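Peer 1: give me the fold of what follows.
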Amino acid sequence: MLPITIRPMSRKDIPEVLNIEQASFPSPWTEGMFLQEVRDNRLSHFVVAQYEEEIVGYAGFWIVLDEAHLVNLAVAPAYRNQGIGRQLLMVILKIAINKGAQKATLEVRASNLNAREFYQRFSFKPVAVRKGYYHSREDAVIMWREDLKEGNEDSISGH
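Peer 2: Coordinates of the predicted model:
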């Protein structure tokens, strides 16, 4: 596994994060959206994965009452399939638990089978579909994990 450091996202990370975002999603977030999350949104928690001096991934979620709403997770194409996404998800789930989250939710493109399988390894279950959710009019699969606080290390680590 690649030796990475995961730390809170800062404003100076946004240009590198945008490169990953644009390489990862058909309707990428903008610089302003990330800036608002880092600077203005008190419910928002974003982290970056850093390898040497390079940002190689990031993830973020919002805490709403006792729920963690995972809003973004991506790894730079050159660094995928090296466990970085897994490490990012583990870290944000642990942060969410420490912030009082008891359950977690996310939306994922219906066509993104790799992402859906990835989240299912962490005990997220598909529960509904949002028709035409994305700008492309593609459906989103809503996934939930109801038992964050009751989970053991294996359920957080995706085993």
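
Peer 1: quick check: mean pLDDT of the helix or strand harbouring Glu117?
Peer 2: Glu117 is part of helix 113-120, with elements assigned from DSSP states H and E. What helix 113-120 shows for mean pLDDT is 94.

Peer 1: how about the CA coordinates for that helix, as CSV?
Peer 2: Output in CSV follows, covering the C-alpha atoms of helix 113-120 (Å, rounded to 0.1, in the frame of the first residue of the first chain):
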residue,chain,number,x,y,z
LEU,A,113,-20.8,-0.4,-10.6
ASN,A,114,-17.2,-0.2,-9.2
ALA,A,115,-18.1,2.6,-6.7
ARG,A,116,-21.3,0.8,-5.7
GLU,A,117,-19.4,-2.4,-5.0
PHE,A,118,-16.7,-0.4,-3.1
TYR,A,119,-19.3,1.1,-0.8
GLN,A,120,-21.0,-2.2,-0.3
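
Peer 1: who does it touch, helix- and strand-wise?
Peer 2: Where contact means 3 or more CB pairs under 8 Å, 6 or more residues apart in numbering; DSSP states H and E, helix 113-120 is packed against helix 84-98, strand 103-109, strand 140-145. In short, each C-beta sits where N, CA and C put it, glycine included.

Peer 1: now the angle from that helix to strand 140-145?
Peer 2: Here helix 113-120 points in a direction 20 degrees away from that of strand 140-145 (axes from the mean of the first three to the mean of the last three CA atoms, to 10 degrees).
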